[in-house]
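Student: build me a structure from this.
(chains A and B)
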Protein chains: 2
Amino acid sequence: MQALILAGGSGTRFWPLSRRSFPKQFLALEGGRSLLQTTVDRQRPLIEPGDVWVSTTEALAAEVRHQLPEVPPEQVLAEPTARNTAPAIGWALRLMPVAMQGGVVAVLPADHRVENAAGFRAALESAASVVARDDRVMTLGVTPSRVETGYGYLELGSVLDPEAGLRRVRRFTEKPDRAAAERFVESGDYLWNAGIFVFRGSTLLAHLARLEPVIGAGLEAIAAAPERTAELYGELPSISIDYAVMERLEDLATLPLDCGWSDLGSWASLGEILVRDEASNTSHGDVLSLDAADNLLWAAEGQIAVLGVSGLIVVRTADTVVVLPKERAQEVQRFVEALSAAQRDELL
Amino acid sequence: MQALILAGGSGTRFWPLSRRSFPKQFLALEGGRSLLQTTVDRQRPLIEPGDVWVSTTEALAAEVRHQLPEVPPEQVLAEPTARNTAPAIGWALRLMPVAMQGGVVAVLPADHRVENAAGFRAALESAASVVARDDRVMTLGVTPSRVETGYGYLELGSVLDPEAGLRRVRRFTEKPDRAAAERFVESGDYLWNAGIFVFRGSTLLAHLARLEPVIGAGLEAIAAAPERTAELYGELPSISIDYAVMERLEDLATLPLDCGWSDLGSWASLGEILVRDEASNTSHGDVLSLDAADNLLWAAEGQIAVLGVSGLIVVRTADTVVVLPKERAQEVQRFVEALSAAQRDELL
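Tutor: Numbers count the residues shown, from 1 in each chain, chains lettered A, B, ... in the order given. Below you'll find the model as predicted:
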């Protein structure tokens, strides 16, 4: 089995710790290893680093190779321009040797968290057997652990294998409102879409060529004239693998994943995961907290000293410090927008 | 007239901007000139820098001379050990040439704010005329502009000169509780004690020798053997000029000062003075504020970015950042105590 790790993201939700040139997947939010490194570590020994491919951007490729010296450098693929996940996955599959293309490939986001790595590997292994046996396209949906309006959901369809829990995916849904999310979770017929896919490479390429012929033709043109990659890749339509393929497959199958998954979507979600002190503060680095409770205090550089405040996120880096309430954690990107508008590139 | 500026203070209320080696009087809280520099500027042309004396500590003397190049360096006096204001003032007066000792001297704290410098000079000039004419010891009490429990008050006694507003001081009071402060301010018979004194130098020395003979004898011993200053100065009792002399004088007189005085006692008091933006935030330096109101945001280095918070003080320096509610501004010193206990001298 090959792993194809998608590490081209440039999210802003962990600003100011994450930057354009150092996005979330490079951050070590829980200790020594970054999310990207942990994404490689998690599969071992099921998938060893020699069988890992990473899709990223030109701007990030050097850091990916630096963080993953165990992955063959030629398997770190730098998109000439960012064209979203459908072209990225198609191009990576097309570049694989034919023998690997014909084998099982797992697509894995580089910036998620999984508590139980052994459980994750077991689920991946089950999905790989289904793919090997039936040549299905699979997604691993996450069993919801709470009512959550921030994720897309997979609506489950007919049961394919009751023993394994294998079911068809009837439909992808956009992020629901609260009432719908409550209904989804209560019903037991929905899983969170975690962006994890398992398939035979050649099968996915065939689906992609059938459903998005422009991408299919573009990938063939690149394969025929690799020296024109930069030019031709930029002409591919920018579209996600969900929209391009997954949501349009009659026969997408899923297995439930229940192993402490989180997409670490904000500073607040990190605060929920990390260890808290007796006053319910989560601290990183040099922090002095007096009469303060329920804060996330992250000192990447220098000290944070708080007194008498609660429910705040405070993140200090060498060049800025951010202070906002936990319940508005998602709005961190408004800082990025404002600084971008003000051309404060040195802070982005 | 000579000015004797007391610049030996080491307060912690403006931590982390103020440090042991760079206390409040050295800070430029309103722009280009520090509080110490402004204290010299304010008297000109009534008192020119050549007639300014500064009492400070050995640790701070170099910075005082650096900030005040216009003051003769030999008139910046460094106490060998800090012994509070009575020895400091006595020693400075004793070091003055006899002709100056016999003239009018104004004692001025180095870390206060005065909005109306011309009004301040006029009051100082009036006090100086009273001293020159009657050889009284004078204090300039501040006309209260609000009920304030954070200051000591001067209770006014008999009227000495109705036209000039000259009155005796009946009593010094400690910081009052709220009810007493309300009564004081309503009565019109109380002024705030601002620690500003005007007298003939030789007269104050005589009072000091009479009321605190140990200090008087000590100062004579130092004058007789200046090479033993370090040793002898350290033996002087540590006592304030208020306790040693002012509160014990039968005949202390006062003129009211009404010219926008503040002792800048905390970050919150600074927030009340500085210009606010349309959201009622006070900002210094590189500040990005989104949906945030009524905060004091002070970026001495790097950026401060806040969203959705109100009533906070946020102060960022190169090595730390402080976050606390305005109404607890006085508690900034608890950080200093905690860091001192933890031997974090680099932050103090």
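Student: so A:Trp53 bridges to which residues?
Tutor: A:Leu4 (DSSP bridges).
Student: wait, it sits on A:Pro73?
Tutor: No - assessed by Cβ atoms under 8 Å, A:Trp53 is found out of contact with A:Pro73, at 11.4 Å. Every C-beta, even on glycine, is put in place using the N, C-alpha and C of the backbone.
Student: neighbour count for the two, which is higher?
Tutor: A:Trp53 (22 against 11; other Cβ atoms under 10 Å in any protein chain shown).
Student: got the contact list for that one?
Tutor: Neighbouring residues of A:Trp53 by Cβ atoms under 8 Å, 6 or more residues apart in numbering or on different chains: A:Gln2, A:Ala3, A:Leu4, A:Ile5, A:Gln75, A:Val76, A:Leu77, A:Ala92, A:Met96.
Student: per-residue pLDDT, it?
Tutor: Per-residue pLDDT puts A:Trp53 at 98.
Student: do the same with A:Thr317
Tutor: At A:Thr317, the model reports a pLDDT of 98.
Student: correct me if wrong: it contacts A:Ala300.
Tutor: Yes - here A:Thr317 reaches A:Ala300: they are 4.8 Å apart, a contact under Cβ under 8 Å.
Student: list residues touching both of those two?
Tutor: Common contact partners of A:Thr317 and A:Ala300 (Cβ under 8 Å, 6+ apart): A:Leu17.
Student: of the two, who's got more company?
Tutor: Comparing A:Thr317 with A:Ala300 by other Cβ under 10 Å, the one with more neighbours is A:Thr317, at 19 against 16.
Student: what residues are up against the more buried one?
Tutor: Counted by Cβ under 8 Å, 6+ apart, A:Thr317 has contacts A:Pro16, A:Leu17, A:Ala300, A:Glu301.
Student: SS state for the residue of the stretch 101-250 of chain A found nearest chain B?
Tutor: Closest to chain B within the stretch 101-250 of chain A is A:Gly150: 18.5 Å, counting by Cβ to the nearest Cβ. Under the three-state scheme (DSSP: H, G, I helix; E, B strand; the rest coil), A:Gly150 adopts coil.
Student: model confidence for it, exactly?
Tutor: 88.
Student: what about the residue in the stretch 1-150 of chain A that chain B sits nearest to, which SS state?
Tutor: Using Cβ to the nearest Cβ, the single residue of the stretch 1-150 of chain A nearest to chain B is A:Pro16, 7.4 Å away. Look at A:Pro16: counting by three-state DSSP, its state is coil.
Student: contacts only, for it.
Tutor: Here A:Pro16 is in contact with A:Val315, A:Thr317, A:Asp319, A:Thr320, A:Val321, A:Val322, A:Phe335, A:Leu347, B:Ala305 (criterion: Cβ under 8 Å, 6+ apart).
Student: inside helices: which ones of these?
Tutor: Per DSSP state H, helices hold the following members of the contacts of A:Pro16: A:Phe335.
Student: all helices of chain A, in order?
Tutor: A:35-43, A:58-67, A:85-95, A:98-101, A:117-134, A:178-187, A:201-211, A:213-224, A:229-234, A:241-244, A:267-273, A:332-341.
Student: those helices: lowest mean pLDDT?
Tutor: Taking the mean pLDDT of the helices of chain A, helix A:267-273 comes last: a mean of 90.
Student: are any of the contacts of A:Pro16 buried, and which?
Tutor: Applying 16 or more other Cβ atoms under 10 Å in any protein chain shown to the contacts of A:Pro16, the neighbour count classes A:Val315, A:Thr317, A:Thr320, A:Val321, A:Val322, A:Phe335, A:Leu347, B:Ala305 as buried.
Student: and these, which of them are in strands?
Tutor: Using DSSP state E, A:Val315, A:Thr320, A:Val321, A:Val322, B:Ala305 are the members of these that sit in strands.
Student: closest one of those residues to A:Ala342?
Tutor: Proximity of these to A:Ala342 (Cβ to Cβ) peaks at B:Ala305, which lies at 11.6 Å.
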